[in-house]
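Novice: Quick one, what's the 3D model for this:
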Amino acid sequence: DKYGQKMSKSKGNVIWARDLMSKYGADVTRLYLASKAAPWETLPVNPDEFSGIRNILTVLWNSVRFADMYMRLDNYDPGSHSIDEVLPKAKSEDKWMLSRYFSRLSRIMQYLDEFRIHEAAREWVSLVVDDVSHGYIRLIRRRVWVEGSDDDKLVVYTVLYNVLKGIIVIGSVFVPFITEYLYKAFVRGGLESVHLAPMPEIRRDLINTKLEKAYDAIFEAFSLTAAIRNNLGIKLRWPLSDMQVKVKDPEITETIRELLDQLSFLSNVKQVKLTGELQCSNDYVKAEGVLVDVCLNKVINEDLYHEAMAREIIRRIQVMRSKANLDLEERIKVYITADDEVKKTIERMRNMIESEVRGTILFNEPSKPILTMDWDIEDKRIKVS
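Specialist: Take a look at the predicted model:
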């Protein structure tokens with residue numbers, strides 16, 4: 001059991017498999033048992049940890065749903081495009097995603113061959129959660145939000161489709177039921193069952209360890225800035241002016257220099273500067289990591305404030321779009337009642353707000369609104385229809 005005691009009917013600490021599967025599902029139970037410990041080690045079963053495994057499968061589901069929604073919106077046909085075809089136009093994050101996918105795939109196959117099932121399962125989980133959901137999808141959202149179809153979207157869709165298809169096939173080893181459903185729902189022109197599909201081929205020519213390490217440093221720097229923001233109570237939606245980054249491995253410094261726009265986007269910071277030594281005045285907060293150290297400017301000036309308020313307004317409108325069950329491509333009229341300071345923000349940031357919400361902002365009262373809601377944003381009362 002979770003306390004390290006052998007399960008026994010007389011002790012009353014037995015956890016029945018049927019009870020776990022009835023409550024959490026067979027896939028959650030199976031992935032927990034596969035990833036928790038090595039096959040030859042004692043396995044302490046803690047039901048409190050099962051919800052975390054279920055969250056992993058929710059991340060997989062949402063990642064596939066995200067891809068499927070945008071691909072169908074743009075009528076993307078995966079059978080008409082290959083990785084080799086789009087590679088010449090691929091950006092750094094596309095090449096990183098392919099490299100990380102194939103390097104993890106290589107390790108998963110090796111671990112399975114050696115019966116290190118727990119390590120194979122953990123690699124698969126990291127691929128789903130860290131690399132695809134928290135990494136690649138976060139980076140490419142701004143590329144798929146652009147209206148219309150273009151070559152850049154084609155690259156994103158081709159990379160994401162092939163990676164998710166591979167993840168579903170590999171994942172069938174660990175979670176056979178959800179992957180069977182996702183395979184039939186998402187993989188176009190696939191076989192009758194995911195369990196008849198061959199394992200993906202490993203493209204070692206697309207593995208770039210230096211690029212992977214550079215992105216590890218980028219994501220660590222982002223994580224450090226997120227921790228600083230959390231401690232200061234500054235939301236990620238609120239832009240900040242600048243940050244300094246010290247890279248500890250000189251071999252990846254130049255590669256990271258080419259990726260600073262990615263870090264700027266992830267951290268929502270206007271300017272990122274690489275430096276040999278951090279210069280942190282009272283306006284900055286420092287955080288140290290394994291691959292990088294960072295200093296983040298915590299001061300929010302007037303321009304940053306207006307942009308931050310605009311992002312808060314955008315978020316509320318997007319929530320309302322969702323509540324009204326509007327499709328992505330549908331355009332809207334947004335009626336806002338607020339004080340003069342909020343109206344000043346909207347006028348200054350009008351283009352940004354209208355572009356993000358796919359609508360037109362008006363200040364008069366609507367005659368027959370689809371939906372009206374009142375919001376409190378940073379001590380400001382705003383009515384939105």
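
Novice: What ranges does the stretch 151-300 of the chain have for its helices?
Specialist: Along the stretch 151-300 of the chain, counting by DSSP state H, counting those that start in this stretch, helices occupy 151-171, 176-186, 209-232, 253-257, 260-267.

Novice: Could you identify which of these is most buried?
Specialist: Among the helices of the stretch 151-300 of the chain, helix 151-171 has the highest mean neighbour count (mean count of other Cβ atoms under 10 Å), at a mean of 22. From N, CA and C alone the C-beta is placed, and that goes for glycine too.

Novice: CA-only coordinates of it in PDB, if you can.
Specialist: Taking Å, rounded to 0.1, in the frame of the first residue of the first chain, the C-alpha atoms of helix 151-171 are listed here in PDB:
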ATOM      1  CA  ASP A 151       2.600  27.800 -46.000                       C
ATOM      2  CA  ASP A 152       3.500  28.400 -42.400                       C
ATOM      3  CA  LYS A 153       0.300  26.800 -41.100                       C
ATOM      4  CA  LEU A 154       1.000  23.900 -43.500                       C
ATOM      5  CA  VAL A 155       4.300  23.300 -41.700                       C
ATOM      6  CA  VAL A 156       2.700  23.400 -38.200                       C
ATOM      7  CA  TYR A 157      -0.100  21.100 -39.100                       C
ATOM      8  CA  THR A 158       2.200  18.600 -40.800                       C
ATOM      9  CA  VAL A 159       4.600  18.500 -37.800                       C
ATOM     10  CA  LEU A 160       1.800  18.400 -35.200                       C
ATOM     11  CA  TYR A 161      -0.200  15.700 -37.100                       C
ATOM     12  CA  ASN A 162       2.700  13.400 -37.500                       C
ATOM     13  CA  VAL A 163       3.900  13.800 -33.900                       C
ATOM     14  CA  LEU A 164       0.400  13.300 -32.500                       C
ATOM     15  CA  LYS A 165      -0.200  10.300 -34.700                       C
ATOM     16  CA  GLY A 166       3.000   8.800 -33.500                       C
ATOM     17  CA  ILE A 167       2.100   9.600 -29.900                       C
ATOM     18  CA  ILE A 168      -1.200   7.800 -30.200                       C
ATOM     19  CA  VAL A 169       0.400   4.700 -31.800                       C
ATOM     20  CA  ILE A 170       3.100   4.500 -29.200                       C
ATOM     21  CA  GLY A 171       0.700   5.300 -26.400                       C
END
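
Novice: re earlier: could you dump the helices of the stretch 151-300 of the chain into a markdown table and include mean pLDDT and distance to Ser51?
Specialist: Converted to a markdown table, the helices of the stretch 151-300 of the chain look like this (pLDDT from 0 to 100; distance: least, Cβ to Cβ, whole Å):
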| stretch | mean pLDDT | distance to Ser51 |
| --- | --- | --- |
| helix 151-171 | 96 | 19 |
| helix 176-186 | 97 | 16 |
| helix 209-232 | 97 | 22 |
| helix 253-257 | 94 | 36 |
| helix 260-267 | 94 | 27 |
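
Novice: looking at these, which is closest to Arg142?
Specialist: helix 260-267 (7.2 Å; Cβ to Cβ).

Novice: Determine the angle, from 0 to 180 degrees, between that closest one and helix 209-232.
Specialist: 30 degrees (axes from the mean of the first three to the mean of the last three Cα atoms, to 10 degrees).

Novice: For Tyr215, give its distance to Leu224.
Specialist: Going from Tyr215 to Leu224 by Cβ to Cβ, to the nearest Å gives 15 Å.

Novice: can you check Arg143 too?
Specialist: Separation of Arg143 from Leu224 (Cβ to Cβ): 25 Å.

Novice: likewise Trp40?
Specialist: Counting by Cβ to Cβ, the separation of Trp40 from Leu224 is 38 Å.

Novice: hang on, the earlier thing: may I see the helices of the stretch 151-300 of the chain organised as TSV, with distance to Met309 added?
Specialist: Output for those, formatted as TSV (distance: least, Cβ to Cβ, whole Å):
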stretch	distance to Met309
helix 151-171	30
helix 176-186	38
helix 209-232	17
helix 253-257	32
helix 260-267	19
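
Novice: of all those helices, which lies closest to Leu87?
Specialist: So among these, helix 151-171 is nearest, using Cβ to Cβ, at 8.4 Å.

Novice: Could you list every helix and strand in contact with that closest one?
Specialist: helix 50-73, helix 83-86, helix 92-113, helix 117-126, helix 138-144, helix 176-186 (3 or more Cβ pairs under 8 Å, 6 or more residues apart in numbering; DSSP states H and E).

Novice: okay, the angle between it and helix 50-73?
Specialist: Using the same axes, to 10 degrees, the inter-axis angle of helix 151-171 relative to helix 50-73 is 140 degrees.

Novice: what inclination does helix 151-171 have with respect to helix 117-126?
Specialist: Helix 151-171 and helix 117-126 are oriented at 160 degrees to each other (the same axes, to 10 degrees).

Novice: So what's the gap between helix 151-171 and the chain middle?
Specialist: Computed by Cα atoms, centre = their mean, to the nearest Å, the chain-centroid distance of helix 151-171 equals 14 Å.

Novice: for stretch 24-37, same thing?
Specialist: Computed by Cα atoms, centre = their mean, the chain-centroid distance of stretch 24-37 equals 23 Å.

Novice: Leaving out sequence neighbours, find the closest residue to Glu312.
Specialist: Distance criterion Cβ to Cβ, 6 or more residues apart in numbering; nearest residue to Glu312, sequence neighbours excluded, is Ile377 at 4.7 Å.

Novice: excluding its backbone neighbours, what's nearest Met69?
Specialist: Closest to Met69 by Cβ to Cβ, 6+ apart is Leu328, at 7.6 Å.

Novice: what pLDDT does that neighbour get?
Specialist: The score at Leu328 is 77. That number is its pLDDT.

Novice: which residues touch it?
Specialist: For Leu328, the contact set (Cβ atoms under 8 Å, 6 or more residues apart in numbering) comprises Met69, Leu73, Arg358.
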